[in-house]
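J.: I need the structure of the sequence given here:
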Amino acid sequence: MDYYMGIDIGGTMVKAAVFNRDGEEVAVSEHKLKVIHPGKDKVERDINDATKAVYAVITDVIRKSGIDSAGIRGIGVTGQANGLYMFDSDGKPVHNAILSSDMRAKEYVRKWALDGTWKKILPKIRQQVWAGNVPALIAWFKEQEPEVLKKAQVVCTAKDYVRYLLTGEFALEETEASGIASMDQDAGEITEEIYEAFGIEEYRKLLPGKILGCTEIAGGVTAECAEKTGLREGTPVVGGQMDTGACIISAGVTEENQLGIIVGTWGINSIIKKQPVTDENIFMVYRYCIPDMYCVMEGSSTSATNQEWFIDNFIRDASDEEVYNVCNKLVADADYQDTVLFLPFLYGSNVGLDAKAAFVGLEGRHGKKEMLRAIYEGVAFCHKYHIERLQGYIRSLDVVRMAGGAARSSVWMQMFSDILGVPVEISKASELGAMGVAMEAAVGTGLFRDLREAAEKWVKIKAVYHPEPKRTQYYKRKYEVYKKIIDDLSGTWKSIELLKYDKA
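T.: Numbering: from 1, shown residues only. The predicted structure follows:
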């Protein structure tokens, strides 16, 4: 039997999964990654620790699967997009990895919005610029810590680093290259002109010159990697893609007007179109893994990480294995008509650079279950806020396909269906990011002719949640209150931000 592996390095976990030629998930391994907060607005990761974790999950998933690694015909890689990984000429890190939820560069984003830089290059990059973008972070390091960039010989993102660990070669990949606010999408190139507009043209040379296709074979597993993991030397590794696309292709989003949602470290809401979109109100348009298709995406770092924050700080009486069951039970026991609301902006927002998280409506009678339910609802409301921006490009919205860690929670998925007012479908596979790039490995090594065929053969739906009309009507009213709170607080957030400059 032939097998295919997908590796997914996300905001909080690195995972590896093995699939057979029928798309059945044979084994999964995961390892939690430590997130470092070395200062205000900074979100980092120790690259050496991440490297060990990548090797460990590969070794473990081979062991769990019980297969001979010689049967693995191809490997794909995916991961959290943007952020910044920086290395010297020997491939050694010169700084901790910067995660895409990092906000240190937000003042550069504000400057580019005010001075017209962003609108000037928008027709080329077709996306908003935000603090976790590669160019924004390079600009920050250029001014704040230039000695780091002097040491760097190559910069990339998480999944391209994982591919380097496998093949020993640094390269970019088309979907992510078009999603890091750096590519002239018509030309299909990362141009000097764009980096000159950002004022960082001297650092364009740090990005790898080669841009791979998603299903293109990038190289084979090195002898060093084989020794550390148990993989067979020479096993083909394909380009892969960033996690936003990997999760929706594995959920079966292959045609226009299908909507894919990812509830993970980021909240991602995506449709695909044959014609590219240039719209200053849309978060990102990038090249999709299906040739000649573009993904139109609305997203922000406002999703399930809010739940993780609550768990880390307030759910201390449950094991790692049981903590999510504890959360789901608490939420299920809370009254959906309670009046607590939560703004899920702990790690950034989709409503303004200075927006902050907040519970609103708390009373003395409230406890963990009401606060946690408000977090679940707030995350779903934030997704709805994004989806409203996409609706001008969707003829009809009849069903959504869900992915991400939260898709394992029946309580949360029913809530999404109630809030969006449409059925929510859940894939049978538990690791959709890994599955998406395993599908690409299957295409790249000849099992399927293209990704549409791969999706047709591999994607299976295990559960469908239908909206409850009474709850949908209530949530429409509650969502309007959610939006009003955001409007009412917009001036207050700036005042809070200014407090950090008050030395009195």
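J.: can you tell me which residues contact Ile98?
T.: Lys42, Val43, Glu44, Gly83, Leu84, Tyr85, Arg104, Gly132, Leu137 (CB atoms under 8 Å, 6 or more residues apart in numbering). The way it works is simple: take the backbone N, C-alpha and C, and place the C-beta from them, glycine included.
J.: Does it have any beta-bridge partners, and if so which?
T.: Glu44, Leu84 (DSSP bridges).
J.: when you give positions from now on, start the count at 5
T.: Right, with 5 as the first residue, what we last looked at is Ile102.
J.: For stretch 395-404, list every residue counted as buried.
T.: The neighbour-count check on stretch 395-404 (16 or more other CB atoms under 10 Å) flags Ile398, Leu401, Val403, Val404 as buried.
J.: is it true that Lys128 touches Ile198?
T.: Yes. If you go by CB atoms under 8 Å, Lys128 and Ile198 touch, sitting 6.3 Å apart.
J.: which residues are common contacts for the two?
T.: By CB under 8 Å, 6+ apart, the residues touching both Lys128 and Ile198 are Met187, Asp188.
J.: about what we covered before: just the buried ones from the contacts of Ile102, in ChimeraX syntax?
T.: The ChimeraX selection below is limited to those of the contacts of Ile102 classed as buried (16+ other CB under 10 Å):
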select :47,48,87,88,89,108,136,141
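J.: Let's have the contacts of Ile102 in a markdown table, adding distance to Ala162.
T.: Below are these laid out as a markdown table (distance: CB to CB, whole Å):
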| residue | distance to Ala162 |
| --- | --- |
| Lys46 | 17 |
| Val47 | 13 |
| Glu48 | 12 |
| Gly87 | 6 |
| Leu88 | 10 |
| Tyr89 | 7 |
| Arg108 | 18 |
| Gly136 | 12 |
| Leu141 | 13 |
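J.: Contact partners for the residue nearest to Val81 when sequence neighbours are not counted?
T.: Using CB to CB, 6 or more residues apart in numbering and skipping the chain neighbours, the partner closest in space to Val81 is Gly244 (4.0 Å). Contact partners of Gly244, counting by CB under 8 Å, 6+ apart, are Gly80, Val81, Thr82, Lys163, Arg167, Glu177, Cys218, Ala250, Val441, Glu444.
J.: which residues sit in contact with the fifth one?
T.: What that stands for is Arg167. Val81, Glu173, Ala175, Glu177, Ala222, Val241, Gly243, Gly244.
J.: looking at it, the fourth one is touching Gly243, isn't it?
T.: Read it as Glu177. Yes. When contacts are counted by CB under 8 Å, Glu177 is listed as touching Gly243 (4.2 Å).
J.: Now the common contact residues for the two.
T.: By CB under 8 Å, 6+ apart, the residues touching both Glu177 and Gly243 are Arg167, Leu216, Gly217, Cys218.
J.: Can you classify Leu366 by secondary structure?
T.: Classification of Leu366 using DSSP: H, G, I helix; E, B strand; the rest coil returns coil.
J.: in the chain, which segments are predicted with low confidence?
T.: In the predicted model, the chain carries pLDDT under 70 at residues 506-508.
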